[in-house]
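Trainee: how does the following fold in three dimensions:
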Amino acid sequence: MKKRIKVWHLEITDANRIPTEATIVERPYDLKKINHNLPELNRFLYIAVGANWCWYMRLDWSHEQWQALLAKPDVVTWVAYLEATPIGYFELAKASGGEVEIAYFGLLGEFIGQGYGKCLLEDAIRTAWKIGGKRVWLHTCSLDHPQALTNYLARGFSVFKEEEFEDAIPDEKIQPWPGARKY
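Mentor: Reported below is the predicted structural model:
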């Protein structure tokens, strides 16, 4: 089904807008960088987080396509764990000129609405800045969580571009497996 989608491109270019460590009283999860690229893990995170938000661009990727992405030294993935359970992740893509894109960011459905998103986004921004970002950017769209744009703006991002387009979106939300719980 064709659907009209609005996209907001956001950025932080001022170090003074980067959230400081002092904003976290105590991180409620452990944050771990994936040091051994496992396409299966990244695909799991992509589907588990993106299922409710129509993340469909990488769904038909082959194992080799995932391997090629993860083999790039400028692409890194961080996972937030509550005890031993992954609750969310972010994928950073560093480009020339000091730009770092938060390519993917989000929480698994059952952890939404508990305050983890604010903390994880601040971790993503700080991490992007630490790896050399002079400009940290991302995009979100009207298919995303209703509070996504508000969260990004509250963490220091500002909109630098808006656009609308039509795209073929699956009629049914993507599910990690048939009958999976929807949030």
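Trainee: please, where are all the strands along this protein?
Mentor: For the chain, applying DSSP state E gives strands covering 2-12, 30-33, 75-82, 85-95, 99-107, 135-141, 158-168.
Trainee: in the protein, which ranges drop under the pLDDT threshold?
Mentor: The chain contains residues with pLDDT under 70 at 21-25, 171-183.
Trainee: the spatially most central residue of it pairs with what?
Mentor: Ranked by distance to the mean C-alpha position of the chain (CA atoms, centre = their mean), the top residue is residue 105 at 1.1 Å. Residue 105 has these beta-bridge partners by DSSP bridges: residue 90.
Trainee: that older thread, kindly reformat the strands of the chain as CSV containing distance to residue 147.
Mentor: Where C-beta positions appear, they are placed from N, C-alpha and C, glycine not excepted. CSV is the format used below for these (distance: least, CB to CB, whole Å):
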stretch, distance to residue 147
strand 2-12, 13
strand 30-33, 21
strand 75-82, 18
strand 85-95, 14
strand 99-107, 11
strand 135-141, 10
strand 158-168, 16
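Trainee: quick one, which of the ones you listed gets closest to residue 56.
Mentor: Residue 56 sits nearest to strand 158-168 of all the strands of the chain, at 9.0 Å, using CB to CB.
Trainee: that closest one packs against which elements?
Mentor: Strand 158-168 sits against strand 2-12, with contacts defined as 3 or more CB pairs under 8 Å, 6 or more residues apart in numbering; DSSP states H and E.
Trainee: what is the strand it packs on packed up against?
Mentor: Judged by 3+ CB pairs under 8 Å, 6+ apart, strand 2-12 is in contact with strand 135-141, helix 148-154, strand 158-168.
Trainee: got the contact list for the last one?
Mentor: It stands for strand 158-168. Residues outside strand 158-168 that contact it (CB atoms under 8 Å, 6 or more residues apart in numbering): 1-12, 137, 153.
Trainee: just to revisit the earlier point, just the helices and strands packed on strand 2-12: most buried one?
Mentor: Ranked by mean neighbour count, those are led by strand 135-141 with a mean of 20 (mean count of other CB atoms under 10 Å).
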